[in-house]
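Chemist: Below: sequence and its predicted model.
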Amino acid sequence: VFPAPMTGGTLRGYLERGDIARIGGRPVLAVAFDASGPMVGPLPDRAQMSITGTMRMRGTAYYALRGDALLLALNETLSISGNLRDRSQTSPVTIIYRRSIKAEDAQASETAAAR
């Protein structure tokens, strides 16, 4: 169970340890996640519009095994499905947002800075 202020509710799901891999030459631990829950409330940039539906976050995060447990990569899919309300009109909506991030190789950054 994870509090989710952005959604006006609580996400329920799991975290699961994955394999050990390498990102930029550094050993990492993969952590899979999948959580979903209600999404209710106004849109952040349009107070006159609101959404009622569900949100699901799933993906894999990769954390450094040496030193601090830094997030070195992330592959995530966020899905929102519900009804969008704008005053008297209601419209069904489905939003799928995919995100992949990867930290730069620390060794390459040090080499570039030394030049």
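Modeler: Sure thing, it's come through. Numbers count the residues shown, from 1 in each chain.

Chemist: contacts and neighbour counts: CA atoms only from here.
Modeler: Fine.

Chemist: Give me the pLDDT for the nearest residue to residue 37 once chain neighbours are set aside.
Modeler: Closest residue in space to residue 37, ignoring its immediate chain neighbours: residue 11 at 4.5 Å, by C-alpha to C-alpha, 6 or more residues apart in numbering. In this model, residue 11 is scored at 88, pLDDT.

Chemist: now swap in residue 58 and tell me
Modeler: 96.

Chemist: Please identify the helix or strand for the spatially most central residue of the chain.
Modeler: A centroid search over the chain (C-alpha atoms, centre = their mean) returns residue 76, at 5.1 Å, as the residue closest to the centre. Residue 76 belongs to strand 71-86 when assigned by DSSP states H and E.

Chemist: which residues touch that strand?
Modeler: Residues outside strand 71-86 that contact it (C-alpha atoms under 8 Å, 6 or more residues apart in numbering) are 23, 28, 48-64, 90-103.

Chemist: tell me the contacts of residue 93?
Modeler: 80-84.

Chemist: what about it, which SS state?
Modeler: Following DSSP: H, G, I helix; E, B strand; the rest coil, residue 93 is assigned to strand.

Chemist: For it, give its distance to residue 43.
Modeler: Noted for residue 93: a distance of 13 Å to residue 43, by C-alpha to C-alpha, to the nearest Å.

Chemist: shaky segments in the protein?
Modeler: For the chain, the stretches flagged by pLDDT under 70 are 2-8, 105-115.

Chemist: Please enumerate the helices of it.
Modeler: Counting by DSSP state H, the chain has these helices, from start to end: 106-114.

Chemist: which of the contacts of strand 71-86 are buried?
Modeler: Neighbour-count burial (16 or more other C-alpha atoms under 10 Å) is assigned, among those, to 23, 28, 49-64.

Chemist: Next up, the contacts around residue 65.
Modeler: So residue 65 contacts 26-29 (C-alpha under 8 Å, 6+ apart).

Chemist: hmm, 10 Å instead?
Modeler: Residue 65 is in contact with 20-22, 26-30, 71, counting by C-alpha atoms under 10 Å, 6 or more residues apart in numbering.

Chemist: go on, residue 47?
Modeler: Residues near residue 47 by C-alpha under 10 Å, 6+ apart: 41, 86.

Chemist: All set, thanks.
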